[in-house]
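S.K.: Model the structure of this input:
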Amino acid sequence: MQVSLRRSTLSPQARARLARRSLPIALAAAALGVLAPRSQAQVLFSVDYRGPTIGTVGPCPAPPITAGDILSVTVPGLCAWDGPMYGPMPGPETVIGGGPGGLGLLTVPGCAGGPPGGLCPAEVDAFSRGFDPILTPGMRLAGEFVFSVDEWAIGSPLPLVPSVGTEAPVADSAADVFEALYIPALPPPFPPVFTGINGNTGLIDGNGMASPTTAHYPGTGLFEPRPPVPGPGPRPGDNLDALDIDAGPAVAGFNYFSLDGGIFDPLYGVPGLGTAAANGFLPGMVLASAGGPPGVYAPPLMLGLDLLGPGTDDLDALALFENGIAGFQPSPGPFAWGPGGPDMLLFSVRRGSAVVGMIASGALAIPIEPGDILIPPAAIGLPPQILVPCEYLGLASARMGMAPIGDDLDALDTRRPPATGTGMCHGDGTLIPCPCLNNGANGNGCANSFNPAGANLTGTGIASVAADSVLLTATGMSGGICLFVQGSGVIPPALLDDGIWCIGGIIRLATNPVVGGTSTYPQGANLPVSVKGMVPAVGGIRYYQGWYRNAAPFCTPFTSNRTSGFQIVWAP
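M.R.: A predicted model of the protein is given here:
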């Protein structure tokens, strides 16, 4: 049975958790030339030099991992690249080597096999294939910005679960990828007004394992936890340090990246490795390589960096749409970029950079933070412009008194508008068991003898109260009648008939009963919609599940079941 429902009131938070489960990621190039990559979703990333992934060797033929290599997830038992998966899982594999034939760094081969925490200058701080989706005017919804932080981040108020604010206290934030939720416009007004739909939520976990404090969502095979500890030396967990999700076609082409500087970090209490200088570059440069020695793509002054001298700023995160015209054409402001126009280059700077605290040029004349998303200045000689203040990403800042030193935006990517919400209440036996051992497949609610995979609820469209195009779709049901139910809150998962019930608060029916079979309503056609649980005009978080009739019970006298849950953060 497949039933779809188009509603006019849903929340962007739900969109964040579905994105966790099925990532629309294009596979990137395997520049090592070891294997032909698989044509499915993939996330590319690097790790810093302190984590236990450094020096490991996977089942595929590649040198030991260094902090200069670009990594991805491995299919268990196969030498093939895959997207994030549920743990336990193997460690990551090198997809693009940092040395000759990959990023072209001279120092990487000599660092291969070195121990975690070793002071060998081979660390890539930021990475992009140059195919990152272009940002257009208007509000940003959940998942269009994705990012990572290091272990010193604390997050901002209004934490969702999982988020930087909930992962940091258990030291699991540094290996995770988060997605920003609602941002009203770019650049947004400042100071921000926290409405309950700002902030971030987890997209990709470090190790893909469930914990008592967070949801269960796919991972990359990294090590957790990583508590914030000052000083040199190895750490028990990994820090994801560069990121590209929509990585572009798996063909030969340029890789764009930046290298670690030797700037003193006021929280670690030690300087960086100085990888940029060891390879003849500045840490504020964006470099480009097609397998040979890298060259300078964007010099620091064009980005508003190194205004106090060469090497005084360290570029720490990168998202790039390269327009195909030779060289770097900086955009004078937001949205001038695109095909035939300037390049879209978004970045952040490392904690300890000289530009931190300077007043940004452009529309937001406020002090620059290490968690801000920046763009080049309108004119050379000026500091960068702030595109997104870090507070809108759910990160702490010094300029609003949230922390003595603001959170560091450690990696960045843009994504095409993702699915509307995120999955919850999986009932798949991995986190919450179903009744009577009738476990469904991962993420698909509970099963019975006639639908052994379980039933899944997903959503697509724009979750905006004012301009809604949300379509809820329930699949995998065994037949009979389906009802969509909306709640204003969540409850601890509870057994109910043959399934799991997770939504609470104010419960409303989202539709009249839908007679099942194999009917599909892609736009709500022929569907008697009766929307009773309206979301307020200011938006808010709402939770959804489908109730349906079993074709036959599995081991109880009950004849009804539940789909997995779906959580949506509604924008105004």
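S.K.: Just checking: what are the partner strands of the host helix or strand of residue 568?
M.R.: Element membership for residue 568 (DSSP states H and E) is strand 565-570. Taking DSSP bridges as the criterion, strand 565-570 sits next to strand 422-424 (antiparallel), strand 540-549 (antiparallel) in its sheet.
S.K.: Same list, those strands, but as TSV with mean pLDDT and mean neighbour count please.
M.R.: Glycine gets a C-beta too; all of them are placed from N, C-alpha and C. Output for the strands paired with strand 565-570, formatted as TSV (pLDDT from 0 to 100; neighbours: other Cβ atoms under 10 Å):
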stretch	mean pLDDT	mean neighbour count
strand 422-424	80	31
strand 540-549	84	26
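S.K.: Make JSON lines out of those strands and add distance to residue 454.
M.R.: Formatted as JSON lines, the strands paired with strand 565-570 follow (distance: least, Cβ to Cβ, whole Å):
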{"stretch": "strand 422-424", "distance to residue 454": "12"}
{"stretch": "strand 540-549", "distance to residue 454": "11"}
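S.K.: right, and the ones you listed - which one's nearest residue 139?
M.R.: Among the strands paired with strand 565-570, strand 540-549 comes nearest to residue 139, with 15.4 Å by Cβ to Cβ.
S.K.: Walking through the stretch 401-550 of the chain, point out its helices one by one.
M.R.: For the stretch 401-550 of the chain, applying DSSP state H, counting those that start in this stretch gives no helices.
S.K.: same deal with the chain?
M.R.: Here the chain has its helices, by DSSP state H, at 13-21, 108-111, 164-167, 275-278.
S.K.: hmm, who's touching the last one?
M.R.: By Cβ atoms under 8 Å, 6 or more residues apart in numbering, the list of residues contacting helix 275-278 from outside reads 68, 105-107, 121-124, 258-262, 282-283, 285, 311.
S.K.: hang on, the earlier thing: flag whichever of the helices of the chain has the least confidence on average.
M.R.: Among these, helix 13-21 carries the lowest mean pLDDT, a mean of 28.
S.K.: Could you point out which of the strands paired with strand 565-570 sits nearest residue 218?
M.R.: Of the strands paired with strand 565-570, nearest to residue 218 by Cβ to Cβ is strand 422-424, at 10.8 Å.
S.K.: Can you report how many residues lie near residue 570?
M.R.: By the measure other Cβ atoms under 10 Å, the count of residues near residue 570 is 30.
S.K.: how close does it get to residue 392?
M.R.: Counting by Cβ to Cβ, to the nearest Å, the separation of residue 570 from residue 392 is 17 Å.
S.K.: got it, and residue 132?
M.R.: Residue 132 is 19 Å from residue 392, by Cβ to Cβ.
S.K.: Repeat that for residue 223.
M.R.: The gap separating residue 223 from residue 392 is 30 Å, by Cβ to Cβ.
S.K.: Between these two, tell me which one has more neighbours.
M.R.: Legend: neighbour count by other Cβ under 10 Å for residue 223 and residue 392, higher for residue 392 (28 against 21).
S.K.: Okay, that one and residue 536: tell me how far apart.
M.R.: To residue 536, residue 392 is 21 Å away according to Cβ to Cβ.
S.K.: Same check on residue 295?
M.R.: Residue 295 is 53 Å from residue 536, by Cβ to Cβ.
S.K.: among the strands paired with strand 565-570, which is nearest residue 366?
M.R.: Across these, residue 366 has its closest neighbour in strand 540-549 (28.2 Å, Cβ to Cβ).
S.K.: Tell me the buried residues in stretch 256-267?
M.R.: 256-263, 265 (16 or more other Cβ atoms under 10 Å).
S.K.: Give me the mean pLDDT for it.
M.R.: 97.
S.K.: now do the same end-to-end measure for that stretch.
M.R.: In stretch 256-267, first residue to last residue: 28 Å (Cα to Cα, to the nearest Å).
S.K.: which residues of the stretch 451-572 of the chain score low on pLDDT?
M.R.: 451-452, 467, 469, 478-481, 510-534, 551-556 (pLDDT under 70).
S.K.: what about the strands in it?
M.R.: 456-460, 470-475, 481-487, 489-496, 499-504, 508-509, 514-515, 540-549, 560-562, 565-570 (DSSP state E, counting those that start in this stretch).
S.K.: got a markdown table for those strands, with distance to residue 182 too?
M.R.: Shown next, in a markdown table, are these (distance: least, Cβ to Cβ, whole Å):
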| stretch | distance to residue 182 |
| --- | --- |
| strand 456-460 | 16 |
| strand 470-475 | 14 |
| strand 481-487 | 19 |
| strand 489-496 | 19 |
| strand 499-504 | 21 |
| strand 508-509 | 22 |
| strand 514-515 | 30 |
| strand 540-549 | 11 |
| strand 560-562 | 28 |
| strand 565-570 | 6 |
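S.K.: and of those, who's closest to residue 177?
M.R.: strand 565-570 (17.6 Å).
S.K.: Now do the closest one and strand 481-487, the angle between them.
M.R.: If you take axes from the mean of the first three to the mean of the last three Cα atoms, to 10 degrees, strand 565-570 sits at 50 degrees to strand 481-487.
S.K.: and the direction of strand 565-570 versus that of strand 456-460, what angle?
M.R.: Using the same axes, to 10 degrees: strand 565-570 against strand 456-460 is 20 degrees.
S.K.: Now find how far off-centre strand 565-570 is within its chain.
M.R.: 17 Å (Cα atoms, centre = their mean, to the nearest Å).
S.K.: now do stretch 316-323
M.R.: Relative to the centre of its chain, stretch 316-323 is centred 16 Å away, using Cα atoms, centre = their mean.
S.K.: on that earlier part again, for the strand holding residue 568, buried residues please.
M.R.: Buried residues in strand 565-570 (16+ other Cβ under 10 Å): 565-570.
S.K.: do stretch 176-188 as well
M.R.: 176-184, 186-188.
S.K.: Next, the distance between the ends of that stretch.
M.R.: 26 Å.
S.K.: Would you confirm that residue 393 contacts residue 408?
M.R.: No - counting by Cβ atoms under 8 Å, residue 393 sits too far from residue 408 to count as a contact (11.5 Å).
S.K.: any shared contact partners between these two?
M.R.: Counting by Cβ under 8 Å, 6+ apart, the shared contacts of residue 393 and residue 408 are residue 371.
S.K.: State the number of residues packed around residue 231.
M.R.: Residue 231: 7 neighbours (other Cβ under 10 Å).
S.K.: So that it lines up with my notes, have the first residue be 7 from now on.
M.R.: Got it, first residue is 7 now, which makes that one residue 237.
S.K.: which residues touch it?
M.R.: Contacts of residue 237 (Cβ under 8 Å, 6+ apart): 274-276.
S.K.: try residue 433
M.R.: Taking Cβ under 8 Å, 6+ apart, one finds 439-440, 445-446, 451-452, 460, 499, 505-506, 568, 570 in contact with residue 433.
S.K.: Look up how far residue 440 lies from it.
M.R.: Separation of residue 433 from residue 440 (Cβ to Cβ): 5 Å.
S.K.: now residue 312
M.R.: 58 Å.
S.K.: Pick out whichever of the two has more residues nearby.
M.R.: Remark: of residue 312 and residue 440, residue 440 carries more neighbours, 25 against 21, as counted by other Cβ under 10 Å.
S.K.: Isn't the more buried one up against residue 432?
M.R.: No - Residue 440 lies out of contact with residue 432 (Cβ under 8 Å); the separation is 9.5 Å.
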